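Q: Give me a 3D structure for the following:
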Amino acid sequence: MDVVVVGSLAYDSIETPAAKGERLLGGSATYAGLASSASGASCGLVGVVGDDFREEDRHLLATSGLHLDGLVTAEGRTFHWEGTYSGAMGEASTLNTELNVFEAFDPEVPNAWTAPKVLFCANLHPALQAKVLDQCTPTRLRMLDSMNLWIDIARPLLIDVLNRVDLVVLNDGEVRMLADDANLVRAAQWLHGELQPGSILVVKRGEHGVLALHPSGMLHVPSVPSPGLVDPTGCGDSFAGTLAAHLSKGEGPVNRDELRSGLEHAAVVASYTLQGLGVTGLVAMEQSDRAERLQALQALTR
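A: Okay, here's the model as predicted:
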């Protein structure tokens, strides 16, 4: 397996200034897995859904190339999140969260998947991420994402798992929160210094692109200019899934040029995610158009 993704599968009810939908297929593992598979990686999902999980959604995941041996169906309802976006859609307002079967999620990575090229622990409680890290020995890279909730209520556990991975993906608010510093560059430099030697810190900044701290220096990749913003849900997860797929193709330590290339590909895929409601923009992505968009992005900085 090139990439193993561990995270949530969910049904999302979303309202944005541009669109509205009820019980749409979503979740961090869903977006990351779809993006990883669309980027040419063999990708396995580890997660849990309820017995209300629609057969057409399972079919979509399978026909998109995802391996589902790690997907457990439990008695009860699938994790449900309800949120709204307004204005520039920089951040969602959560209206309702129903953990349902996800509340008792105990991740078990299939034996055949315990040595992938890249392991991506999507947003989960740090204790669950630690359990996944105990089960897997990736041959190239351990990646991890998190959120402000775990910084608030499980900071010591989060710091522990951050120091067990090779690449950390966080948004700018989370980095500032961890460092207790409003200056993003200073906060990112502090956090990067707290990680294990040789680690990479990737800081997502929404429409302002991404800042990355590599052992050989700092780099910046812009976002893809897009006037067609419909729904930003899952952009960060599809970004991370694409990056995981890109880095699964290499060997040895990730060099700065390889990281830049992976971030550019990830920015392009994220730009498709926000163009449709739920996963529709990501699923509808065409490879030929994707290549043109990548060239346009590279022309901004190269």
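
Q: which residues touch residue 52?
A: 77-78 (Cβ atoms under 8 Å, 6 or more residues apart in numbering). Heads up, the C-betas are built off the backbone N, CA and C, glycines and all.

Q: Let me know the secondary structure of it.
A: What DSSP: H, G, I helix; E, B strand; the rest coil gives for residue 52 is coil.

Q: in the protein, which spans are strands?
A: Taking DSSP state E as the test, the strands found in the chain are 3-6, 10-15, 20-26, 43-50, 66-74, 80-84, 93-98, 118-121, 141-145, 167-171, 200-204, 210-214, 217-221.

Q: Mean pLDDT, distance to residue 292 and mean neighbour count for those strands - can I get that in JSON lines?
A: Shown next, in JSON lines, are the strands of the chain (pLDDT from 0 to 100; distance: least, Cβ to Cβ, whole Å; neighbours: other Cβ atoms under 10 Å):
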{"stretch": "strand 3-6", "mean pLDDT": "98", "distance to residue 292": "25", "mean neighbour count": "31"}
{"stretch": "strand 10-15", "mean pLDDT": "96", "distance to residue 292": "28", "mean neighbour count": "22"}
{"stretch": "strand 20-26", "mean pLDDT": "97", "distance to residue 292": "27", "mean neighbour count": "18"}
{"stretch": "strand 43-50", "mean pLDDT": "98", "distance to residue 292": "25", "mean neighbour count": "26"}
{"stretch": "strand 66-74", "mean pLDDT": "97", "distance to residue 292": "26", "mean neighbour count": "18"}
{"stretch": "strand 80-84", "mean pLDDT": "95", "distance to residue 292": "32", "mean neighbour count": "18"}
{"stretch": "strand 93-98", "mean pLDDT": "92", "distance to residue 292": "35", "mean neighbour count": "11"}
{"stretch": "strand 118-121", "mean pLDDT": "98", "distance to residue 292": "27", "mean neighbour count": "30"}
{"stretch": "strand 141-145", "mean pLDDT": "97", "distance to residue 292": "28", "mean neighbour count": "24"}
{"stretch": "strand 167-171", "mean pLDDT": "97", "distance to residue 292": "26", "mean neighbour count": "24"}
{"stretch": "strand 200-204", "mean pLDDT": "98", "distance to residue 292": "24", "mean neighbour count": "25"}
{"stretch": "strand 210-214", "mean pLDDT": "98", "distance to residue 292": "21", "mean neighbour count": "23"}
{"stretch": "strand 217-221", "mean pLDDT": "95", "distance to residue 292": "17", "mean neighbour count": "16"}
